[in-house]
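[1] coordinates only, no sequence provided:
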């Protein structure tokens, strides 16, 4: 079980290839380039974008404040979702579009438990860790529901998850008897805001922890290898003793757990929930993060660090647009531009054209050397 | 083992599906033929003597705390004990609402209570209703039609709400008004009314400025992000005018994180709208300054209009506005919170 997973794309260093070309070949090139563009734009337009200062919050704790902190903080949910989404994409070659609705369910379950069924609670009625664990189990079950449809009933992931996408927010409301519960206990909000005495927003720590867990899991288990082989060719993985259905199901369950963590952070930020608005359209951002990370949306090889970086790039873009007071209704249009660019760049026609260019350049060089 | 596991998952799936089937009323749209003209004569028999049949079409109760209260009040008023046989339908999609309305007219309800999700597209429903002798009462939201097509409307006066709030803000006598304006869903009745008054004032007065004017689509998290980005940019501001309480709450979360004082004696004036109890309490504590009441409890007014109509008494005026007022942290009392909080 401890076969170390090799880097899926061993770096082929070919002599005579320029540094730039080697860079372009890297999977992480696209997200890094996008990030660099945003950083350069902000540096040129207004370097104060990067200013970070220490302020005292209303509870008297010193806290860090600034756009960069906002980006890291607000991207948390998206990063966690993007990790789960990458695994699902890799194994099943499709995306789960129900993550936003599932976040509403997880958040609703956690709030119902800590409020003890009351509409307004001043103290937590249940141990927070237990409540979050139950939220994870519920969310994992819904993940299993999606995973079963995809893996055993062989339904297209987007169609399978459309069910929960449509019904999820009603289920979330039903869990709380259509009430909008509010918890006023300050300690409930630690996870979404700040721990007393620590100036860094807690979601940043939670995200770092989730990334660390996945780093360890991918390093010391065969999850990554199995996911990849199932995504590339389920039949041949079965011949090699892997159960493709089980692996697909497992990735959806893992995404379910990620969703619960993200949902917890989101409700913890405010201590309340609005079923029809919470995490609206976040599934699109999560899928975009996976694509931006250079992962093929048709499954197979994957790189979760690409998706993580992609998620931060999206949040960076959002924060930048807010800073320049682009109306928030126009944000999706800007994201659409990014999607179009990505889709065009990754289209087979463009890819083969680029490969030809590369080949042409090499041929020229050889011809020159021969002279 | 594997089979058992499979079975378990299938079961889980079926259960989850069963849970989804919850509260949707029949939305069958096979209603091309309007109810025949003989329906008027059948109506007394249909109602079973005493009970008045009503069909209630409302928006999704999960949309906001306002809507939750509105829907709950309707359901609490139109009960059998109160002399009604009511069918409820909730959807934010106007097409679904229209299909259900036509179904209800075919089912020959006496009254159709309507909170339309969109202002247009209702012509066929209104004509069918008139042909079938179903009386339409609008509540909470208006639609674009001739007044003769419905018997009464009980709605909130959004422009008046906005004006009351702006007048209150002007009375605070600040030297300069630097406003973060967080708007609701663009084009909705509430957004237009509440934005209108403020826009006029900012255009008219030299010392009223927008630091930013953005829509957060009624979403708390977006409102927090918008406020945070203004704080990060370092621009000075002293007023947050959020078009509902949820968004005001999001903005306040951003202020708290940055240690900016707000409310009574604070640096920033916080204003919200609607009727949530927790928001009333925030005003009472002095954590917020102002809340414009948007009364979601139209059920009782609608109830009395129907009872009067049944007694042969037409309503005094076509459009009844629910009483709205503004509350601020200096004058709000616990009694107000108990009366108006939902």
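    Thanks, I have the structure now. Keep in mind that this is a model prediction, so the values were computed, not measured.
[2] can you pull the contacts of residue A:43?
    A:49, A:50 (Cβ atoms under 8 Å, 6 or more residues apart in numbering or on different chains). No exception for glycine: its C-beta is placed from N, CA and C like everyone else's.
[3] residues contacting the residue in the stretch 51-200 of chain B positioned nearest to chain A?
    The minimum distance from the stretch 51-200 of chain B to chain A, using Cβ to the nearest Cβ, falls at residue B:62 (4.0 Å). Residues counted as contacts of residue B:62 (Cβ under 8 Å, 6+ apart) are A:169, A:170, A:172, A:173, A:178, A:180, A:274, A:275, A:276, B:68.
[4] what do you get if the cut-off is 7 Å, keeping everything else the same?
    By Cβ atoms under 7 Å, 6 or more residues apart in numbering or on different chains, the contact set of residue B:62 is A:169, A:173, A:178, A:275, A:276.
[5] just put those in CSV and tack on neighbour count and distance to chain B.
    Output for these, formatted as CSV (neighbours: other Cβ atoms under 10 Å in any protein chain shown; distance: Cβ to the nearest Cβ, whole Å):
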residue, neighbour count, distance to chain B
A:169, 26, 7
A:173, 25, 4
A:178, 18, 5
A:275, 26, 4
A:276, 21, 5
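[6] in chain B, what spans have low per-residue confidence?
    Scanning chain B for pLDDT under 70 picks out B:1-49.
[7] how about the residues of it near chain A?
    B:6, B:9, B:12-13, B:16, B:19-20, B:22, B:60-65, B:68, B:186, B:212, B:214-216, B:218-222, B:225-226, B:228-229, B:232-233, B:246, B:249-250, B:253, B:256-259, B:278 (Cβ under 7 Å from any Cβ of the partner chain).
[8] put the buried members of those into a ChimeraX selection.
    To isolate the buried ones among the residues of chain B next to chain A in ChimeraX, judged by 16 or more other Cβ atoms under 10 Å in any protein chain shown, type:
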select /B:9,13,16,60,61,62,63,64,65,68,212,214,215,216,218,219,220,221,222,225,226,228,229,232,233,246,249,250,253,256,257,258,259,278
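[9] you'd agree residue A:175 is up against residue A:111?
    No - proximity of residue A:175 to residue A:111 does not meet the contact threshold set by Cβ atoms under 7 Å, at 8.8 Å.
[10] tell me which of these two has more neighbours.
    Applying other Cβ atoms under 10 Å in any protein chain shown to residue A:175 and residue A:111 shows that residue A:111 carries more neighbours, namely 28 against 22.
[11] what's the helix or strand for the more buried one?
    Here residue A:111 sits within helix A:99-115, counting by DSSP states H and E.
[12] that helix: what's the following helix or strand?
    Next element after helix A:99-115 (DSSP H and E): strand A:120-121.
[13] can you name the element that comes right after the lowest-mean-pLDDT helix or strand in chain A?
    Sorted by mean pLDDT, DSSP states H and E, the helices and strands of chain A end with helix A:19-25, the least confident at a mean of 64. Sequence order places helix A:29-45 as the next helix or strand after helix A:19-25, per DSSP H and E.
[14] buried set for whichever helix or strand comes after that following helix?
    Next in sequence after helix A:29-45, counting helices and strands by DSSP H and E, comes strand A:53-56. Neighbour-count burial for strand A:53-56, counted by 16+ other Cβ under 10 Å, picks out residue A:55.
[15] which elements pack onto strand A:53-56?
    Judged by 3 or more Cβ pairs under 7 Å, 6 or more residues apart in numbering or on different chains; DSSP states H and E, strand A:53-56 is in contact with strand A:62-65.
[16] chain B - how does it break down into domains?
    B:48-155+B:296-311, B:158-294+B:326-340 (automatic domain parsing).
[17] Serialize those domains to CSV and add fields for distance to residue A:194.
    Below are the domains of chain B laid out as CSV (distance: least, Cβ to Cβ, whole Å):
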stretch, distance to residue A:194
domain B:48-155+B:296-311, 26
domain B:158-294+B:326-340, 7
